[in-house]
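No letters, just coordinates:
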């Protein structure tokens with residue numbers, strides 16, 4: 001949103017606690033984190049999970065719009081027939097931003113849930129629904145000048 005603070009902004013967690021509304025302009029509760037942000041918007045970390053299908057495989061990648069503490073671990077859970085990794089998959093260390101699920105059943109929808117944990121408590125989560133397949137379709141890339 002226009003005017004919302006970005007990660008690293010000096011406005012994040014810098015508001016006077018005696019002079020802020022309980023919600024930001026979008027209706028999001030304040031504070032998110034240790035203190036409220038200066039301005040109309042409250043910055044909230046967001047996790048984005050993506051999954052790419054392959055033969056009996058789902059390749060997961062994710063990103064976060066903020067730095068997470070070094071002690072953060074990731075947990076992957078999924079619904080669908082169990083593959084080579086039994087859910088939940090835990091203790092994936094913080095710098096990791098990719099993981100591959102293997103031994104899955106082709107043509108079956110899997111719902112994958114990624115959770116960031118800090119001290120065992122969840123603080124970010126996102127979900128992706130992906131179907132492994134042995135049929136790969138390549139589309140030509142056309143560049144118009």
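Structure received. Treat the numbers as computed from the prediction; the structure is a model and nothing was measured.

so residue 17 touches residue 36, yeah?
Yes - the pair residue 17 / residue 36 is scored as a contact, 6.8 Å apart, by CB atoms under 8 Å. In this view, the C-beta of every residue, glycine as well, is placed from N, C-alpha and C.

Show me which of these two is the more surrounded one.
residue 36 (24 against 9; other CB atoms under 10 Å).

separation between the more buried one and residue 11?
Per CB to CB, to the nearest Å, residue 36 is found 10 Å from residue 11.

show me where the chain has strands.
In the chain, strands defined by DSSP state E lie at 47-54, 57-64, 73-79, 89-93, 98-102, 110-118, 121-130, listed in chain order.

and residue 21, which of those strands is closest to it?
Ranking those by distance to residue 21, with CB to CB as the measure, places strand 121-130 first at 23.6 Å.

ok, and for the closest one, which residues are buried?
For strand 121-130, the neighbour count (16 or more other CB atoms under 10 Å) marks 124, 126, 128, 130 as buried.

Columns mean pLDDT and distance to residue 29 on top of the strands of the chain, output as TSV?
Compiled in TSV, the strands of the chain are given as follows (pLDDT from 0 to 100; distance: least, CB to CB, whole Å):
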stretch	mean pLDDT	distance to residue 29
strand 47-54	96	18
strand 57-64	97	20
strand 73-79	97	25
strand 89-93	96	29
strand 98-102	98	31
strand 110-118	97	19
strand 121-130	95	15
